[in-house]
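Predicted model and sequence follow; I will ask about them next.
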Amino acid sequence: MQNYSDYWYQSSDGLRLYARQYGKSNAEHTIICIPGLTRNSADFTPLCEHLAMRYRILAVDLRGRGNSDYDSNPQNYHPATYARDMICLLDDLKLNSAIFIGTSLGGLVSIVLAATAPEHVVAATLNDIGPEADQAGLDRIKSYVSNPNSASNWAEAAANTKSTLGHAYPNFSDDDWQQFTKNIYRENAQGQPELSYDPNIALLLQQQNDVPPTNLWPLFRLIRDTPLLLIRGALSDILSPDCVAKMQDQQVDMQFIEVPNCGHAPLLSEPSALGAIDRFLNKIKAKDQHS
């Protein structure tokens, strides 16, 4: 049974964008969950169900993913554009601010928002992402996003998914891979599974050949007053321990946990991740009560 409602809103340039809405609209805080590059709102299902009794939650499909419109201009598949879309969502919800939980690309969007529009960000959880990313991980992502494998049936789709991401989730069962695959694929008109994103989202990555990875340290230095929780997969090839240490030096109050035996990126359904998010949100609530 579907335990969320469909929420539609419009971007500033006229795209119809989608989010799954959980919880009660009169909750004290609203949480906006932003997925990674090729992922969508389905990624956050266990987390949203866990939090729905206490919060209003919207898990978004970024433009070019899932149920949201694809963009005719691939140059708009950029963190700054996604940040503007999140402000449009807040405006549509008639909210000034929210708590953001961002996985990978979604974490970059959260950093951009907190640095450029801090009044809109109560706090942020950054899932396996920081102001810089390891080149090896970026190359790996570029290779599979730029050259997606086709699948004629769901068994092939699950095999493709496991082949691409098996290193990140070594404990997954066959059932886990099937569920994960259903979250990132959808059936086309011929009844065959196809990846649920616009292939043109790879354009920005392709244009970054021979260019150093994006450096968001100047923006990160601007968000010292934003409460942060950083989550890292212990096997991550995107967020290095060195980057974590630098972030902790610059954000001494930042909370941090590492999810064992998990790569890029934790699903946020792991017990350690759920516990850390609960503690982080409780700390924000306690701070509100004393302010």
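Received it, and whenever you're ready, just let me know what you need.

Tell me which residues of whatever helix or strand Asp6 lives in come out buried.
Taking DSSP states H and E as the criterion, the element that holds Asp6 is strand 5-10. Of all the residues in strand 5-10, those buried under the rule 16 or more other Cβ atoms under 10 Å are Tyr7, Tyr9. The way it works is simple: take the backbone N, C-alpha and C, and place the C-beta from them, glycine included.

Also stretch 255-264?
Of all the residues in stretch 255-264, those buried under the rule 16+ other Cβ under 10 Å are Gln255, Phe256, Ile257, Glu258, Val259, Cys262, Gly263, His264.

For the first one, which residues are in contact?
Right, Gln255. Counting by Cβ atoms under 8 Å, 6 or more residues apart in numbering, Gln255 makes contact with Leu228, Leu229, Leu230, Ala276, Arg279, Phe280, Lys283.

quick one: the closest residue to the last one other than its chain neighbours from Glu187, how far?
Taking Cβ to Cβ, 6 or more residues apart in numbering as the measure, Lys283 lies nearest to Pro227, with 7.4 Å between them; neighbours along the chain are not counted. Plainly put, Pro227 is 41 Å away from Glu187 if you go by Cβ to Cβ, to the nearest Å.

between those two, who's got more neighbours?
Using other Cβ atoms under 10 Å, the more surrounded residue of Pro227 and Glu187 is Pro227, with 21 against 11.

Tell me the spacing between Lys246 and Ala234.
In this structure, Lys246 and Ala234 are separated by 18 Å, where distance is defined by Cβ to Cβ.

before we move on, what about Asn40?
The spacing between Asn40 and Ala234, counted by Cβ to Cβ, is 25 Å.

who has more neighbours, those two?
Each of Asn40 and Ala234 had its neighbours counted (other Cβ under 10 Å), and the higher figure belongs to Asn40 (24 against 12).

after the strand holding Asp6, next one along is what?
Tracing the chain past strand 5-10, the next element assigned as helix or strand by DSSP H and E is strand 16-22.

Let me know the distance separating the closest residue to Ser196 other than its chain neighbours from Ala151.
If the residues on either side of it in the chain are set aside, Ser196 comes closest to Arg186, at 4.6 Å by Cβ to Cβ, 6+ apart. Using Cβ to Cβ, one obtains 12 Å as the distance from Arg186 to Ala151.

returning to what we had before: mind picking the two most distant members of the buried residues of stretch 255-264?
Spanning the widest gap among those are Gln255 and Gly263, at 21.1 Å by Cβ to Cβ.

Can you tell me the number of residues neighbouring Arg54?
17.

Can you name the helix or strand that it falls in?
Element membership for Arg54 (DSSP H and E) is empty, with no helix or strand holding it.

Relative to Leu281, how far out is the nearest residue to it once chain neighbours are set aside?
With Cβ to Cβ, 6+ apart as the measure, Ala27 is the residue that lies nearest to Arg54, at 6.8 Å, once sequence neighbours are left out. According to Cβ to Cβ, Ala27 stands 11 Å off from Leu281.

Spell out which residues are contacts of both of the two.
The overlap between the contact sets of Ala27 and Leu281 (Cβ under 8 Å, 6+ apart) consists of Arg54, Tyr55.

Among the two, which residue is more densely surrounded?
Leu281 (21 against 16).

any idea where the helices of the stretch 151-291 of the chain begin and end?
With DSSP state H, counting those that start in this stretch applied, the stretch 151-291 of the chain shows helices at 154-165, 174-184, 203-206, 217-220, 241-250, 271-289, listed in chain order.

Would you mind giving those as TSV with mean pLDDT and distance to Leu58 added?
Output for the helices of the stretch 151-291 of the chain, formatted as TSV (pLDDT from 0 to 100; distance: least, Cβ to Cβ, whole Å):
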stretch	mean pLDDT	distance to Leu58
helix 154-165	94	26
helix 174-184	95	17
helix 203-206	77	25
helix 217-220	96	23
helix 241-250	97	26
helix 271-289	92	15
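
between those, which gets nearest to Thr103?
The closest approach between Thr103 and any of the helices of the stretch 151-291 of the chain, judged by Cβ to Cβ, belongs to helix 271-289 at 10.7 Å.
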